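Asks: My questions concern the predicted model and sequence given below.
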Amino acid sequence: MQNIEIGRILRAATQGFAVGCRATQLDLPAFGALVKVTPLNGQETIYGLIYNINVDDDPLVQRLVLAESPKPAVIEDQRQNRILPIEMSVIAIGYERDGIIRQGFPPRPPLNLDPVVMVLDQDEIARFTDKLSYLRLILRAANENVPVDQLLVAHIRDVYRLRGDDAAWALRVIEEVIELLRANYETLMPTLEALNDALPELPVSAEMIE
Amino acid sequence: MSVEFERVIDQVRALGDSAEKRRDASAHQLDDLLDKLNRYATAWSHIDLSLEKAVSIVDQQKYRAARPLTQTEPLNAGIAPAPPPPQATFISVDGSQTMPSRHQSYPYFLINIGGIIYERGTDQAPEIFSDPQLYFHGDDEETDDKDFTAVAVTVLRDMGEIELLARTVWENRTATTPLLAILDQRLQYWPIGVQDSVAQQDAVKRWVEAMAIMQQCGAWLAGYIERPETGAIITLLYTLDMGTQDFKPERLIERPQMSDAAIFRRVLQPGERSCVFEIVNNSTNYSKFQEKNQEICFFYYCPPGLGDIARVDVPKWAAQQPEVIAQIHALLDDQCSQLGSYPYILTRADEVAVVRGDDRDYLDRLVQSELQRRGLTVQDTGKQIGKNLTRSGKKRFSM
């Protein structure tokens, strides 16, 4: 599968960035998805995970909600014409420079309006996720109000499928997560339970902690 | 906050006292006017005779009244909307501007006309469009300082609105019918503040010509004015006192102390309209409309929900067709039901056109950058610099 553009940078910092898109572009991006931004000025490509998708309102939308039945044309006017972007929050988990992927914060953030794509290319996903150091960056984001347990589950489920139901990779990730959260049972146990629900075909259980 | 509000509180209370006294004083007057409206509701002969006599006893340059367009709808009627047509095309425009200021680094102003084409009965997103125009002193010496006044800018904006509306209607003349063009101002245009009579006539001529173009396209045109301050119906009611001891001829040319809207707030239920009236205006200001057969009629309308009474202007040639009035009424009511107060399409046209504060600032920076790039000195006046310093808000910087 080819990567697909999902929006553009609204604002950015070293640890992550916000992506804006129209309502009509919301079919594809999903919570936990791996995305990348390739700055137009030729700087390093930055990888990230979507950890929040926000749909804003404004007083006009609030008033329309109260109408008995908003007309279809009015709904489409709101979604296609009014500049109320869907905002996706992304946590940075790595970057690529000179063909080498490094899993850490990028040296520089991207710039406003740099295009953001969803990474769907199987080879690229495999290249990035073969190494698991980026999991630390996800877990450290718990201090920044990122729902890390849910994010891990969504991300692992997603990449497992995109890697062609790669059970070996999934189990390797789960073992790494257990290692990283060994001192944090409060987060670890619900995460394992959620993974068990999401990937029932995998032997995920509390016994893996022993 | 720089206003000492504790010094204003008592004055606010005095405002409230005054408003209460005015309401109590006008309540009696309003009851009296409602009584006249009901009494003369179907007095067609008396209405015709009184208006005919008024022509000979008052200064026609100052007399502004109205007459019922037909004898089928009483003066005090409240007419419910019919079901709207399943499909229709709405086109609306609005205009916004930056005002020129001698404190600017270089004199210019921007007029932005924005609009929307909305197809009722489809699930297509409306088409929005805008036409920003930057005005500055040209190198051909045609524009001079007199064009950079607030009055001139306002007239330019008004002309921009009606002419873009006419152009857009023309370009979409084969769109789904009925095609209704709507403005958020009265159709009987007058360039307020313009002193030069040639300029006045020129503006009105352009306005009327744009109306005529829309008529040629087969489009209907409406001007929607919320909470209008006109008193043509009140003047009519005072005119109908002719022959009674209540009649006072000076009232026919005085500006009424209240507006027609006050009467129709009591008469109309949500969604209803009044009967259709025709403007009675024999002044030279109105002659251009008459010459081009663009005389104007109107009705009052009570939107559902939170909106206030509106006056809806419609060209006479359209108003003379009862089914056209019925459909315009129904379509506007349908538009108002989206927001519960005001036609959705006018709200959106305003939003497309508006030039916000940050837009103005950005434009100013663009102009300054361009001038600096050419080695031209750019500087606001000291007064403007001071304003920028004191009005930009406080920021905290930390290390």
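Replies: Great, that's in hand. Numbering: from 1, shown residues only, chains lettered A, B, ... in the order given.
Asks: Please count neighbours and contacts with C-alpha atoms only from this point.
Replies: OK.
Asks: for chain B, which helix is longest?
Replies: Taking DSSP state H as the criterion, chain B has its longest helix at helix B:9-39.
Asks: Can you list the buried residues in it?
Replies: B:Leu30, B:Leu33, B:Leu34, B:Lys36, B:Leu37 (16 or more other CA atoms under 10 Å in any protein chain shown).
Asks: contacting residues for the third one?
Replies: The reference is to B:Leu34. B:Leu34 is in contact with B:Ile263, counting by CA atoms under 8 Å, 6 or more residues apart in numbering or on different chains.
Asks: measure it to B:Tyr300 for me?
Replies: 15 Å (CA to CA, to the nearest Å).
Asks: got it, and the first one?
Replies: Distance, B:Leu30 to B:Tyr300, using CA to CA: 17 Å.
Asks: what's the answer for the second one, then?
Replies: Distance of B:Leu33 to B:Tyr300, given as CA to CA: 16 Å.
Asks: With B:Gly115 instead?
Replies: As for B:Gly115, its distance to B:Tyr300 is 25 Å (criterion: CA to CA).
Asks: how about the residues of chain B near chain A?
Replies: By CA under 8 Å from any CA of the partner chain, the residues of chain B that approach chain A are B:118-126, B:128, B:337-340.
Asks: From the residues you listed, keep the buried residues only.
Replies: B:Tyr118, B:Glu119, B:Arg120, B:Gln124, B:Ala125, B:Pro126, B:Ile128, B:Ser337, B:Gln338, B:Leu339, B:Gly340.
Asks: So which of those residues is the closest to A:Asp114?
Replies: Checking those against A:Asp114 with CA to CA, the nearest one is B:Ile128 at 25.7 Å.
Asks: Next, the closest one: secondary structure please.
Replies: Secondary structure state of B:Ile128, per DSSP: H, G, I helix; E, B strand; the rest coil, is strand.
Asks: Tell me the spacing between it and A:Asp56.
Replies: Taking CA to CA, one finds B:Ile128 at 21 Å from A:Asp56.
Asks: just to revisit the earlier point, output the contacting helices and strands for the helix or strand following the longest helix of chain B.
Replies: Per DSSP states H and E, the first helix or strand lying C-terminal to helix B:9-39 is helix B:44-57. Under the contact definition 3 or more CA pairs under 8 Å, 6 or more residues apart in numbering or on different chains; DSSP states H and E, helix B:44-57 sits against helix B:232-239.
Asks: Sticking with B:Ser337, tell me its helix or strand.
Replies: Per DSSP H and E: helix B:322-339 holds B:Ser337.
Asks: Pull out the buried residues from that helix.
Replies: Buried residues in helix B:322-339 (16+ other CA under 10 Å): B:324-339.
Asks: Next, B:Glu4: phi, psi?
Replies: Per-residue torsions, B:Glu4: phi -80, psi 90 (degrees, to the nearest 10).
Asks: can you tell me how far it sits from chain A?
Replies: 31 Å (CA to the nearest CA, to the nearest Å).
Asks: could you dump the buried residues of helix B:9-39 to TSV with pLDDT?
Replies: Output for these, formatted as TSV (pLDDT from 0 to 100):
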residue	pLDDT
B:Leu30	94
B:Leu33	95
B:Leu34	96
B:Lys36	95
B:Leu37	97
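Asks: Would you convert these into JSON lines that also reports distance to A:Thr191?
Replies: Output for those, formatted as JSON lines (distance: CA to CA, whole Å):
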{"residue": "B:Leu30", "distance to A:Thr191": "71"}
{"residue": "B:Leu33", "distance to A:Thr191": "75"}
{"residue": "B:Leu34", "distance to A:Thr191": "73"}
{"residue": "B:Lys36", "distance to A:Thr191": "78"}
{"residue": "B:Leu37", "distance to A:Thr191": "75"}
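Asks: Report the secondary structure state of the residue located most distally from the centre of chain A.
Replies: In chain A, counting by CA atoms, centre = their mean, A:Glu68 sits farthest out from the average C-alpha position, at 36.1 Å. What three-state DSSP gives for A:Glu68 is coil.
Asks: quick one: B:Val355 and B:Met99, what's the gap?
Replies: Distance, B:Val355 to B:Met99, using CA to CA: 11 Å.
Asks: Quick check: B:Asn38 touching B:Ala77?
Replies: No. Contact criterion CA atoms under 8 Å: B:Asn38 and B:Ala77 do not qualify, at 9.3 Å.
Asks: ok so, going back, and the next helix or strand past the helix holding B:Ser337?
Replies: Next in sequence after helix B:322-339, counting helices and strands by DSSP H and E, comes helix B:344-353.
Asks: pLDDT below threshold where in the chain?
Replies: I'll assume chain A. Applying pLDDT under 70 to chain A flags residues A:83-84, A:204-210.
Asks: Let me rephrase: I mean chain B.
Replies: Where chain B drops to pLDDT under 70, the residues are B:1, B:139-146, B:392-399.
Asks: Which residue would you name as the spatial centre of it?
Replies: Among the residues of chain B, B:Gln185 comes closest to the average C-alpha position under CA atoms, centre = their mean, at 1.8 Å.
Asks: can you tell me which residues contact that one?
Replies: B:Gly223, B:Tyr224, B:Ile225.
Asks: Pull out the buried members of these.
Replies: Buried among the contacts of B:Gln185 by 16+ other CA under 10 Å: B:Gly223, B:Tyr224, B:Ile225.
Asks: and the helix or strand hosting the second one, how far from the chain's centre?
Replies: This means B:Tyr224. B:Tyr224 belongs to strand B:220-226 when assigned by DSSP H and E. Offset of strand B:220-226 from its chain centre (CA atoms, centre = their mean, to the nearest Å): 8 Å.
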